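Novice: heads up, no residue letters with this:
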């Protein structure tokens, strides 16, 4: 398994598809990254499925 992997997500603000780099060496993560298109802050929650593939949930900054 690579230590990083690029995952495409849809920005919750502008709906553009953007690629984010996921650090696969950390099992569960939560952080904010700005959209590469509209520059708004996206909450990212990263986990992994049973096959070890990253699963990313993207939401607006003010969403819980």
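Specialist: Arrived safely, thanks for sending. The structure presented is a predicted model; accordingly, all values stated were derived computationally and were not measured. Numbers count the residues shown, from 1 in each chain.
Novice: What number of neighbouring residues does residue 7 come out with?
Specialist: By other Cβ atoms under 10 Å, 16 other residues sit near residue 7. All C-beta spots, glycine's among them, are computed from the backbone N, C-alpha and C.
Novice: wouldn't residue 63 be in contact with residue 44 here?
Specialist: No. Under the criterion of Cβ atoms under 8 Å, residue 63 makes no contact with residue 44, lying 11.8 Å away.
Novice: higher neighbour count, these two?
Specialist: Taking neighbours as other Cβ under 10 Å, residue 63 and residue 44 compare with residue 44 leading, 18 against 10.
Novice: Just the element for that one, please.
Specialist: Assigned by DSSP states H and E, residue 44 falls within strand 41-48.
Novice: Tell me which residues are up against stretch 48-59.
Specialist: Residues outside stretch 48-59 that contact it (Cβ atoms under 8 Å, 6 or more residues apart in numbering) are 1, 5, 7, 9-12, 20, 22, 24, 27, 42-47.
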